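Chemist: Give the three-dimensional model of this entry:
(4 chains)
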There are 2 protein chains.
Amino acid sequence: MTAKRVPPAQLAPQLRDAITRLNRRVRQARPVGDLTVTQLSALTSLNLAGALTPRELADVERVQPPTMTKIVAKLEERGLVQRTPHPTDGRQVILAATEGGRAVLDQFERARNEWLASRLAALSEEERDTLRRAADILQAIARA
Amino acid sequence: MTAKRVPPAQLAPQLRDAITRLNRRVRQARPVGDLTVTQLSALTSLNLAGALTPRELADVERVQPPTMTKIVAKLEERGLVQRTPHPTDGRQVILAATEGGRAVLDQFERARNEWLASRLAALSEEERDTLRRAADILQAIARA
DNA sequence: CCAGGCTCATTAGTTAAGCTAACGAGTGTG
DNA sequence: CACACTCGTTAGCTTAACTAATGAGCCTGG
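Modeler: Residues are numbered from 1 along each chain as shown, chains lettered A, B, ... in the order given. Just a heads-up that it's a prediction; the model follows:
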């Protein structure tokens, strides 16, 4: 199992294809829950970060501030997100997931992971290790 | 570099996170082109299939027929799709990508791969090999 | 020390993308 | 050949994204 030389130009389309296809599959495996993909994504980011201003959350989600205003409004309606004033800056607002928001996230997360986890369970230890290392590399690329 | 034991329940979220994030990044790396993701997807499917009726294309894209009517109308406006009457059935219409449509597809495809390829080029040979093996495994999972 | 410029969040208004319901033209069969 | 069914489209609604503009609050240079 020596490392074979892999030209990037050849690997790129192959990897991209694998990722987009798998992404579609994972997305299809979601509960009929009443949260839209956009709302779920924002809530996830917010929960991961702990607390963010609307601007920061918009940047994370790669969305314009007015768009985030609406998304947050819907999440707040359902009591999944809490809005508190910034301690020193009167312009800003602090957003955080509520207990209920975290509960909803857990539920979605579990349903999504189940499908993929069952596939992974069918692989060999070695294949899973390859995927683990690949996941690290891919996360680094995505973050860059 | 021995294979470490990786429980599927732990790998699944990590891998899913890596994939969804990378997928977002790849999608964002599109030319400022005036085509939306939806339009691009429909055009791609149409090009792959060669020729389809609106109904068939709607099924492929998992969209309702009226939605496809609008998408096709926009693509037709730009001269990327051609509409010809069905030879025997007066109700139906045959859709096909024009030469211009195929040219646009090529251009998008290239731009998307370029972004990823440049990231891959910065990795070590060994890392690229890990990704190549991972891509094979992931494609198999997605296909299942 | 305060006037002007900047930042933050929101509001207003537009466009795209999805849906269901309904309709008109065309097909085909009992 | 009348009637039911299919195909594509139109009409009207919802959600999600955008840009432009607004109002509140902050901060700094003269």
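
Chemist: C-alpha only now, for contacts and for neighbours.
Modeler: Fine.

Chemist: Strands of chain A, residue ranges please.
Modeler: With DSSP state E as the criterion, chain A has strands at A:51-52, A:81-85, A:93-97.

Chemist: In contact with A:Ala42: list those residues for me.
Modeler: Contact analysis of A:Ala42 by CA atoms under 8 Å, 6 or more residues apart in numbering or on different chains lists A:57, A:61, A:71.

Chemist: if you set the cut-off to 6 Å instead, what comes out?
Modeler: A:Ala42 makes no contacts at all, as judged by CA atoms under 6 Å, 6 or more residues apart in numbering or on different chains.

Chemist: What is the burial count for the residue of chain A found nearest DNA strand C?
Modeler: Scanning chain A for proximity to DNA strand C using CA to the nearest atom of the strand identifies A:Arg55 as nearest, at 3.4 Å. Number of residues near A:Arg55 (other CA atoms under 10 Å in any protein chain shown) recorded here: 18.

Chemist: Now mean pLDDT and distance to DNA strand D too, for the strands of chain A, in JSON lines please.
Modeler: Listed next are the strands of chain A as JSON lines, based on pLDDT from 0 to 100; distance: least, CA to the nearest atom of the strand, whole Å:
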{"stretch": "strand A:51-52", "mean pLDDT": "95", "distance to DNA strand D": "17"}
{"stretch": "strand A:81-85", "mean pLDDT": "94", "distance to DNA strand D": "10"}
{"stretch": "strand A:93-97", "mean pLDDT": "95", "distance to DNA strand D": "11"}
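
Chemist: Among these, show me which one is buried the most.
Modeler: Highest mean neighbour count of those: strand A:93-97, a mean of 20 (counted as mean count of other CA atoms under 10 Å in any protein chain shown).

Chemist: Output the strands of chain A in TSV, with distance to A:Glu126 appended to each entry.
Modeler: Converted to TSV, these look like this (distance: least, CA to CA, whole Å):
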stretch	distance to A:Glu126
strand A:51-52	38
strand A:81-85	41
strand A:93-97	38
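
Chemist: Please consider this matter closed, and thank you.
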